[in-house]
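Pasting the sequence and the predicted model now:
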Amino acid sequence: MNNKIHLGDSLEIMKKIPKNSIDLVVTDPPYIINGDTNSETKEWRGVKSLGKIKKGLNHIADGFNAKSYFIELERVLKKFNAFIFCSNHQIAELMNEGKNRGYFTTLLVWHKTNTVPFANGVYRGDLEFCIHFRESGATFNGNAKEKSKIYISPTEVSKYGHPTEKPLKLIEKYIKIGSNKNDVVLDPFLGSGTTVNACINLDRQYIGIEIDEKYHNIAKEREQKAKGKWGLFA
């Protein structure tokens, strides 16, 4: 299954992955976008209307079953080591899940420097969050600078039309921290393929899973372009 992008439900496809065969997980699962007036929802991706957001993101706006994924990730990971992006509304649940399972659980932040300056009664939505879950003995590379909990960069309009695409350099940062060359990185919510792109750039093996056929096809195209850049296919 390595070095392939799979189309389908990730929980079902993960059942085919051998036990203790994955070194790292980096993934951006569906966020919870609820109906409150939090700035995160109103500014998210620069759209101030929650109705417009949910209309375009209805398939990725209601979260995911964290407990089910933790069970399956524990089976396939050699040592539990996972970077999982989340919304503000998911932080408490996910951090409690990690702590209850005995993992080092650290909240990381992407500070977006060019967000819409909207703060009418709410906080400005200039942060996105990622939680690093790490079992004792899991790979944890980097110096003090590389292990900063804050990543600062502007947002960029996705070239591939995906509404929640993360910066390639940010994904590469997490992969460098949590894995070594030739390790296997899993992304069960691949989206437009940024994690696979980063793995190819960093000489990691990968398994990508995406349920949406449109983004699966985009991820495959990005995969081939990235391989072509490094001369990895004829």
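Perfect, I can see it now. Numbers count the residues shown, from 1 in each chain.

tell me the strands in the chain, going along the chain?
4-7, 24-27, 81-86, 104-112, 127-134, 150-153, 184-187, 205-210 (DSSP state E).

okay if I get these as a markdown table plus mean neighbour count?
In short, each C-beta sits where N, CA and C put it, glycine included. Formatted as a markdown table, these follow (neighbours: other CB atoms under 10 Å):
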| stretch | mean neighbour count |
| --- | --- |
| strand 4-7 | 17 |
| strand 24-27 | 27 |
| strand 81-86 | 25 |
| strand 104-112 | 16 |
| strand 127-134 | 21 |
| strand 150-153 | 12 |
| strand 184-187 | 26 |
| strand 205-210 | 26 |
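
Now tabulate those in JSON lines and tack on mean pLDDT and distance to Tyr69.
Shown next, in JSON lines, are the strands of the chain (pLDDT from 0 to 100; distance: least, CB to CB, whole Å):
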{"stretch": "strand 4-7", "mean pLDDT": "97", "distance to Tyr69": "16"}
{"stretch": "strand 24-27", "mean pLDDT": "98", "distance to Tyr69": "9"}
{"stretch": "strand 81-86", "mean pLDDT": "97", "distance to Tyr69": "9"}
{"stretch": "strand 104-112", "mean pLDDT": "97", "distance to Tyr69": "15"}
{"stretch": "strand 127-134", "mean pLDDT": "97", "distance to Tyr69": "11"}
{"stretch": "strand 150-153", "mean pLDDT": "97", "distance to Tyr69": "23"}
{"stretch": "strand 184-187", "mean pLDDT": "98", "distance to Tyr69": "11"}
{"stretch": "strand 205-210", "mean pLDDT": "98", "distance to Tyr69": "11"}
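
Make JSON lines out of those strands and add distance to Ile171.
Shown next, in JSON lines, are these (distance: least, CB to CB, whole Å):
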{"stretch": "strand 4-7", "distance to Ile171": "15"}
{"stretch": "strand 24-27", "distance to Ile171": "6"}
{"stretch": "strand 81-86", "distance to Ile171": "9"}
{"stretch": "strand 104-112", "distance to Ile171": "11"}
{"stretch": "strand 127-134", "distance to Ile171": "10"}
{"stretch": "strand 150-153", "distance to Ile171": "10"}
{"stretch": "strand 184-187", "distance to Ile171": "9"}
{"stretch": "strand 205-210", "distance to Ile171": "11"}
